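Enquirer: from the sequence below, what's the structure:
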Amino acid sequence: MDALAYLSKSSKSKPQPVYALAGDEDFLKRRVREMIVANALGDADPSFSLTVYPGDKLDFSTVQNDLKTLPFLSPCRVVSVEPADKFVTENRPALEKYVAKPATSGVLILDVKSFPETTKLAKALPDAAKISCKAPYANKLASWCIEWAKAHHGKLLKADAAEMLVEMVGTSMGLLDQEIEKLATSVGEKGIITTAEVDSLVGRSRSADVFRILDAVGEGKPTEALNILGELFEAGEDPLAVLGPLTSQLRRLASAARQITLGQSLGPAMDAAGVPNFPRARQGFEKQLRHLGMRRLDKLNEWLLDINLGVKGGNSLPPKLQVERLLVRLARPRETAQ
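Expert: Coordinates of the predicted model:
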């Protein structure tokens, strides 16, 4: 079962004796775990009936004894193993036996990175007990933000504001949740969150700083672009971490350019490349296309391949210098670009 589907249930679901929370989105795992505990314990105080164990050095007998212990002032006991990958690997046969005959007074939560469906343990659990905690694809996050703002804060997050929010914050659902809460509090009774609020109130991520760099490139301001890059490096940012969002945007530019050469008009070409739909993103993207020109746009994928290999050891130059050289290539006036 998908975590968002589980969280969207309006009524309490019947607790399963064993849950596997698989994936790498901690925000979803935390929310799902809270709902499982709430459904299992009802109004009971979790401090009496919830135990959390680290799974790196944990034997199965400890968990089993805890699950079989009669609950105190609650319907059952809940045991959560976090993280549980090593625990599952080392105790797979015991867990398979337990799932076949679980304690009637306990609920076990296994927090794992992966839970392959091909294993006997996974096959023994019903779909309702296997919850996939993976973030939606990046192009679906804006829609999730809109739904989350409405469901949890009673606010209308405009579509273009949601897209701007994802561009500025990145794909971490936990950070997006924090920013949505901050925006909802700020607008108060107004009830609507627009791009103006997002632009003025949301903290900028590394990705947003990279887009500032490319905006400066599109504006024909190479010195400003290099200064922003320098600020990132001075703040301790790793060149590879900067290169990630930079690569993403440059691939969008290359993709849009290909669509245009095939006869596609600018708007649909940007749609196909996945450019966000709020005006500032579209205007900045168009300026970057015009500044780079088709000669450089044709070479972007080649340049990106070279630098991604180079910063990973394929080039003797320091990674920071390699990123700076790429930026100079992008920022220089079109007539002198090589």
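
Enquirer: what sits up against the helix or strand bottoming out on mean pLDDT in the chain?
Expert: Scoring the helices and strands of the chain by mean pLDDT, DSSP states H and E places helix 206-218 at the bottom, with a mean of 82. Outside helix 206-218, the residues within contact range by CB atoms under 8 Å, 6 or more residues apart in numbering are 167-170, 204, 222, 224-225, 228-229, 231-232, 237, 241-242, 245-246, 249, 284-285, 287-288, 290-292, 327, 330-331. C-beta here means a position set from N, CA and C on the backbone, and glycine is covered the same way.

Enquirer: so which of those are in helices?
Expert: The helices, defined by DSSP state H, take in 167-169, 222, 224-225, 228-229, 231-232, 241-242, 245-246, 249, 284-285, 287-288, 290-292, 327, 330-331 from the contacts of helix 206-218.

Enquirer: which stretches in the stretch 1-150 of the chain count as helices?
Expert: 3-7, 26-41, 46-49, 60-68, 85-90, 92-100, 120-124, 141-153 (DSSP state H, counting those that start in this stretch).

Enquirer: elements contacting the second one?
Expert: Other elements packing on helix 26-41 under the criterion 3 or more CB pairs under 8 Å, 6 or more residues apart in numbering; DSSP states H and E are helix 3-7, strand 18-22, strand 77-81, strand 106-112, helix 173-187.

Enquirer: chain center to it, what's the gap?
Expert: Here helix 26-41 is found 19 Å from its chain centre; the criterion is CA atoms, centre = their mean, to the nearest Å.

Enquirer: of the contacts of helix 206-218, just the buried ones, PyMOL syntax please.
Expert: Per 16 or more other CB atoms under 10 Å, the buried members of these correspond to this PyMOL selection:
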select buried, resi 167+168+169+170+222+224+225+228+229+232+237+242+245+246+249+284+285+287+288+291+292+327+330+331
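
Enquirer: domains of this structure?
Expert: 3-132, 138-201, 206-336 (automatic domain parsing).

Enquirer: want to throw the helices and strands packed on helix 26-41 into CSV with mean neighbour count and mean pLDDT?
Expert: Compiled in CSV, the helices and strands packed on helix 26-41 are given as follows (neighbours: other CB atoms under 10 Å; pLDDT from 0 to 100):
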stretch, mean neighbour count, mean pLDDT
helix 3-7, 18, 89
strand 18-22, 24, 96
strand 77-81, 23, 95
strand 106-112, 25, 96
helix 173-187, 18, 92
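
Enquirer: let's have the ones you listed in a markdown table, adding distance to residue 56.
Expert: Listed next are those as a markdown table, based on distance: least, CB to CB, whole Å:
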| stretch | distance to residue 56 |
| --- | --- |
| helix 3-7 | 24 |
| strand 18-22 | 17 |
| strand 77-81 | 10 |
| strand 106-112 | 12 |
| helix 173-187 | 23 |
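
Enquirer: and of these, who's closest to residue 67?
Expert: Judged by CB to CB, the one of the helices and strands packed on helix 26-41 that comes nearest to residue 67 is strand 106-112, at 3.1 Å.

Enquirer: which strands border that closest one, and is each parallel or antiparallel?
Expert: strand 18-22 (parallel), strand 77-81 (parallel) (DSSP bridges).

Enquirer: any idea which of those gets closest to residue 98?
Expert: Going by CB to CB, the one of the strands paired with strand 106-112 nearest residue 98 is strand 18-22, 7.3 Å.

Enquirer: residue 202 reaches residue 181, doesn't it?
Expert: No - judged on CB atoms under 8 Å, residue 202 makes no contact with residue 181 at a distance of 11.5 Å.

Enquirer: the residue nearest to residue 284 when sequence neighbours are not counted: how many residues sit nearby?
Expert: Excluding the flanking residues, the one nearest residue 284 by CB to CB, 6 or more residues apart in numbering is residue 215, at 4.9 Å. Counted with other CB atoms under 10 Å, residues neighbouring residue 215 total 20.

Enquirer: host element of residue 164?
Expert: helix 159-169 (DSSP states H and E).

Enquirer: quick one: that helix to chain centroid distance?
Expert: For helix 159-169, the distance to the chain centre is 13 Å (CA atoms, centre = their mean).

Enquirer: list the contacts of it.
Expert: Counting by CB under 8 Å, 6+ apart, residues outside helix 159-169 touching it are 138, 141-143, 145-146, 149, 157, 175-176, 179-180, 183, 193-195, 197-199, 202-205, 207-208, 211, 276-281.

Enquirer: do the same with stretch 30-37
Expert: 3, 6-7, 15, 19, 21, 46, 50, 78, 80, 107, 109, 111, 131, 133.

Enquirer: could you do stretch 54-66 as well?
Expert: 51, 53, 77, 79, 81-88, 91, 94-95, 98, 103, 106, 108, 111.

Enquirer: that older thread, compare the helices of the stretch 1-150 of the chain and say which comes out lowest on pLDDT.
Expert: For the helices of the stretch 1-150 of the chain, mean pLDDT drops lowest on helix 46-49, to a mean of 85.

Enquirer: which residues sit against it?
Expert: Under CB under 8 Å, 6+ apart, the answer for helix 46-49 is 37, 41, 71, 72, 73, 74, 76, 77, 78.
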